[in-house]
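> requesting a structural model of the entry that follows:
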Amino acid sequence: MELQNTVKEALNVLYHHPDDSIRSQADNWLQDFQRTIDAWQVADNLLHDPSSNLETLIFCSQTLRSKVQRDFEELPSEAFRPLRDSLNALLKKLHKGSPVVRTQISIAVAALAVHVSVEDWGGGGIVNWVRDEMNSHPECIPSFLELLTVLPQEAFSHKIAARPERRRQFEKELILSVGVAMDVLTACLALNELKEQVLEAFASWIRLRPGIPSSSLSCHPLVLTAISSLSSELLSEASVNVISELIHYTAAGSSGGLSAQMPLIQLLVPQVMSLKGQLKDSSKDEEDVKAIARLFADMGDSYVELIATGSPESMVIVQALLDVASHPEESYLSYGTEASIQAEKSRRLQIFRAPYEALVSLVSFRVQYPEDHQNLSKEDLKDFKQTRYAVGDVLIDAASVLGGEVTLKILYMKLVEAVGSCRSDGTCQWRPAEAALYCIRAISEYVSLVEAEVLPQVMALLPNLPRQPQLLHTVCSTIGAFSKWLDAAPSGFSVLPSVVDILMSGMSTSEDSAAAAALAFRHICDDCRKKLCGSVDGLFHIYHLAVSGEGGYKFSAEESLYLVEALSMVITELPPEHAKKALEALCLPVVSPLQEVINQGPETMRKIIARELTIHIDRLGNIFRYVNQPEAVADAIQRLWPIFKAIFDHRAWDMRTMEALCRACKYAVKTSGKFMGATIGAMLEEIQGLYQNHHQPCFLYLSSEVIKIFGSDPSCANYLRSLIEALFSHTTHLLLKIQDFTDRPDIADDCFLLASRCIRYCPHLIVPSSAFPSLVDCAMTGITIQHREACSSILTFLSDVFDLGNSTLGEQYKSVRDNVVVPRGPSLTRILIASLTGALPRSRLEAVTCSLLSLTRAYDFKSLEWAKQSISLIPLAAVTEVEKTGFLQSLSEAASGADSSALTVAVEELSDVCRRNRAVQEIVHGALRPLELNLAPVL
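Next comes the predicted model:
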C-alpha cells in the first residue's frame, strides 16, 4: 500500500509540480519503478482501484503493458492465469472507460497471447477465448473488439520479448483462427454503432495475409459492408482502410497472385473506379479525397500487370491516376504518379504514350514558384522544394518511357509559351519560364548528347531571359546539367561563350545563383575540357577574379573550390610542358597568402585562425586532386614542401589545419604516385615525429595513402617499417581500455584503417613486426566501441588478419599470424559472440558476423570449439540448448563453405533471443564479460 501511495504521489509531482527539476526527479523514479518486480502488483492494484484518477490509470496501464511485453519471464509459470484473469476483468471494467487505457490493456492481453501457447492458454487459444467472452459479456464487446484489432498487429511487434520460434508459431495460430475471428466480426456487424470498429479490426486481420480464397472474400459480408460504406460520412475512413488492405492482399505473392484473386479484383476495381468523380468534388472533405486518391494509387501499384495489358478497362485506371496527379492539392502527387510509371515495363508503349505525355503536361505546373514565394515560411518552402523533387522524379520516369527527346519537346513548348507571354506583356513573368527550365533540367540525363532540334533553341533562349535570381539559378543549373551535350553536340561549342557569360552573371547576382553557376562552370570545364584548352587564358582570368575576391562573386569559399577544380581539369588535358607552367600559375595565387603568413614569423603562424590557412590549403588539395599530371604535381609538391613543413611545424596542435594539410598531401601522393619519391621521405619523417606529441588522426590516414602507393616498393621498406612501428606502438599505448576508444574514436578509426591497409599491401612489414601482437590486443579491447566507423575499422582489420592466408602476399606469414591469434582465439571468439548478442547494436551484426566467419574459416575445428566454449557460458535461462545448437550448427556449415545466408539467419535469431529484454541482456553480458577479459601479453 505504501508503494502504491508513493507511485500516486510521484505521478502528482510529475504532472503538477511547478519545478522542472523536481518533475524530472519524479520521472526518473517512475521509470526506475517500472523496471522493478513490484511494478506488476502495484500497477495491477491501482488499475483495479476505483479511486485511481486518469493519470494513474494511464501510467499503470502503460506499465502493465510494458511488463507483459518485455518482462513476462520474470513471473513464475503459475502467475499466467491470475494475470490473464486480471487483464480480462480490466477489459470488462473499461468497456466504457478511457480509450487510451483500454488500448494499453488490449495490447497487454495480446502480448500475453504471444508469450503463451494455445495449449497453455486453453479453450483453443485466444481467439476462441475472445469469442466466448464476448458471448458471455455482450456489454463488453467494444473492449474485446479492440483486442481483436490489436492481436494481428502484435504478431509482428518486436517490442514483445518472445523468442523467434514462438513468434512464428503465434502467427500460425492466428492464421488458423482467422475463420473464428471473421465469424465474430461478421456477427458484430449487426450493431450499427460498432461498424467502424469492426471494419478496422477486419483490416487488421487482412493485413495478416490469412490465405482466404478470393471467391470467399468477394461475397463475404465484411467485404460487402466495406464497399457499401465507402460513401458513408462516418465509415469512409475505415472502409478505405479495408479496401486498401484487400487490394494489397490480392497482389501479395502469398495469396496466389492476381489470377487466383481475380474474383475479388473484379469486385474491387469497379467499386473504386466509381469514386473517381469525388476526386474533383470541391464539396468533399480534403481528408476524404486524399483517402480516395490513396485507393487509386494502391490499385495502380498492385495491378501493374493488369494495367500493362493496355485493355480499355486498364486505361480507365490510368486516366484516374492522371486525375490524381493533376489534382491542385500538392500532397496528392505522391499518390497518383508512381503507379502509372510502373507500366514502363510494358511492351505496349504506343498504348501508354498519350497518358505519359499527358502526365508530363499535367505535373509540370506544380514546380512553379508561388507569387508570394518571398513570404513563404521555412516549412512551406521546404514543402515546395519537396514537391519539385517529386515532380522531377515523375518526369525522369516519364522520360525513361517516352524517351528524352519526346519529353523535351513537350517541356520546350511550355518554355516557349512562358517566354512568349513574357515578351508580349512587356513586363516579364519569370516564374513560368523558371518552372519549364526546372523540368527540362530534370530530364537532362535522358536527352541524347547529339540532340540537334530542341536543345540548340533552348540554349539560344537563355541569354535573353531576365537575370532574376531564382530564374538565373535554374538557368545556371540547366547549363550545368547539359554540359555533356555542350561537348558532344555539333552546335555545342558555338554556344559556350554565351553560356559562360551567363555563368559569370550568375556568380555576381545572388548567393544561390552564384553557387549554381560555380558548379555549372565546373561541369562545363570537366566535360568540355579538351575544347577549352585553347581558352585557358580566359578561364584563368575568371579563376583569378574568384580566388582574389576582385570579381565580386557571391559564392562561399567552399563553392570557390568548384572553380579550382574546373581549371585543374582543363590543365589535365594540356601537354606536359604546358601543364607544368599552368599548374604553377594555378598554385601561385593560392600559395602567396600562405607564404606571406609564414614570412611574418612563428608567432603569427600560431595566432592566425585556422580558416585563414585552410581556405588556401583546401584549394591546393583540390589542385593536386584534379590536375591529373603526376610529374607536374610531384614537382609542385616538392617546390611547396618548405611551406607545408612550416605549417606542420607551427600548427601541429591545430586539428583543423592538420586535416586540411594532410588531405592536400594525400591527394598529392595519390596523383603523383612513384614520381613523388623525392619528397615522400621528408613527409613521412615529419608526421612520424609530430605524431609522438600531437595525436592527430589525419597523420594516420595520410600514412594509409602512402602505404597504398609505396607499401610493396622494396626501396621504401626500411622507412615504411619504421613509420608503421612508431605509429602503431604509440597508438596502442593511447588505447589501453574501452574508455580510451570512446574518448578518441577518430584515432581508433584511422589506426585500424591504416592497419588493414598494411595487411593488404605490405604484410611483410606489419605481421612480423613487434607492433602486430599489440595491435591485435588493442583491437580486442576496442571491438565493442559504440562508434560505428571505429568499430567497423576494427572488425575489418580483424577480418583481414584472419583472411591473411587467402592472399598471395600474406600466405607465407600464416604461421606468424597463428602464433598471435591462436592463444587469443577463445577470448576473440567470446568478444565477437558477445558483440552479436548485445554488446554492439543490431546494426553491426553483419560486420561482426563477417569477422566471426573469417575466424572460423581460418581456424576451422579450433574456432568451432572456441565458439562452443563461449556459447556454453550463457545460462539456459537466457538461451536454450536447442538455440545454442542451432547457432553452432549454422556456424559449422558456413565454415565448411556453405552459403552464409543460413548463418545470417542464425545470428539474427540468437541476437533476438539474447536481446529480448533487459534482464536477459544483463545475464548474457554478465556471462560473456567482453570488457573484463584478461588481455595480458601472451608469452
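> just the buried residues of the strand or helix carrying A10, please?
Secondary structure assigned from DSSP states H and E places A10 in helix 2-16. For helix 2-16, a neighbour-count test (16 or more other CB atoms under 10 Å) marks Q4, V7, K8, A10, L11, V13, L14 as buried. In short, each C-beta sits where N, CA and C put it, glycine included.
> check stretch 285-298 too.
For stretch 285-298, using 16+ other CB under 10 Å, the buried residues are D288, V289, K290, A291, I292, A293, R294, L295, F296, A297, D298.
> equivalent analysis for stretch 781-789, please.
Neighbour-count burial for stretch 781-789 flags T781, G782, I783, T784, I785, H787 (criterion: 16+ other CB under 10 Å).
> okay, now V454: neighbour count?
18 (other CB atoms under 10 Å).
> who touches it in this structure?
Contact analysis of V454 by CB atoms under 8 Å, 6 or more residues apart in numbering lists E405, L408, K409, Y412.
> neighbours around N88, how many?
20.
> about what we covered before: quick check: mean pLDDT across the helix holding A10?
Averaged across helix 2-16, the pLDDT comes to 93.
> tell me the secondary structure at the residue lying closest to L798 once chain neighbours are set aside.
Closest residue to L798 apart from its sequence neighbours, by CB to CB, 6 or more residues apart in numbering: S851 at 5.0 Å. Recorded secondary structure, S851: helix (DSSP: H, G, I helix; E, B strand; the rest coil).
> contacting residues for S851?
Taking CB under 8 Å, 6+ apart as the contact definition, S851 lies against L795, L798, S799, F802, L832.
> make JSON lines out of those and add distance to F648 and pLDDT.
Shown next, in JSON lines, are those (distance: CB to CB, whole Å; pLDDT from 0 to 100):
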{"residue": "L795", "distance to F648": "32", "pLDDT": "98"}
{"residue": "L798", "distance to F648": "33", "pLDDT": "97"}
{"residue": "S799", "distance to F648": "34", "pLDDT": "97"}
{"residue": "F802", "distance to F648": "37", "pLDDT": "96"}
{"residue": "L832", "distance to F648": "39", "pLDDT": "97"}
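> now, which of the residues you listed sits nearest L561?
L795 (34.0 Å; CB to CB).
> how close does the closest one sit to R788?
11 Å (CB to CB, to the nearest Å).
> for the most centrally placed residue in the chain, which non-adjacent residue is spatially closest?
The chain has S843 as the residue nearest its centroid, 11.7 Å off, counting by CA atoms, centre = their mean. In this structure, S843 finds its nearest non-sequential neighbour in R788, 7.4 Å apart by CB to CB, 6+ apart.
> what do you get for S835?
Counting by CB to CB, 6+ apart, S835 lies nearest to V848, which is 4.7 Å off, once chain neighbours are set aside.
> element containing the one you found, please.
Per DSSP H and E: V848 is located in helix 845-872.
> burial measure for M504, as a count.
17.
> so it makes contact with I542?
Yes. Counting by CB atoms under 8 Å, M504 touches I542, with 6.7 Å between them.
> ok so, going back, pick the one among the buried residues of helix 2-16 closest to V101.
Of these, the one sitting nearest to V101 (CB to CB) turns out to be L11, at 14.0 Å.
> ok, the closest one - contacts?
A26, L30, E55, T56, F59.
> hmm, back to that, roughly how far apart are the residue nearest to S843 and L765?
R788 is 29 Å from L765, by CB to CB.
> L754 now?
12 Å.
> got any residues that touch both of the two?
Joint contacts of L754 and L765 (CB under 8 Å, 6+ apart) are I724.
> between these two, who's got more neighbours?
Neighbour tally, L754 and L765, criterion other CB under 10 Å: the higher count belongs to L754, 29 against 24.
> gap between the one helix or strand the more buried one maps to and the chain center?
Taking DSSP H and E as the criterion, the element that holds L754 is helix 745-761. Distance of helix 745-761 from the chain centroid (CA atoms, centre = their mean, to the nearest Å) equals 25 Å.
> do stretch 623-637 as well
Offset of stretch 623-637 from its chain centre (CA atoms, centre = their mean): 36 Å.
> what does stretch 136-143 contact?
With CB under 8 Å, 6+ apart, stretch 136-143 has contacts from 91-92, 94-96, 102, 105-106, 133-134, 188, 191, 194, 197.
> pull out the buried positions in it.
Buried-residue list, stretch 136-143, by 16+ other CB under 10 Å: C140, I141, P142, S143.
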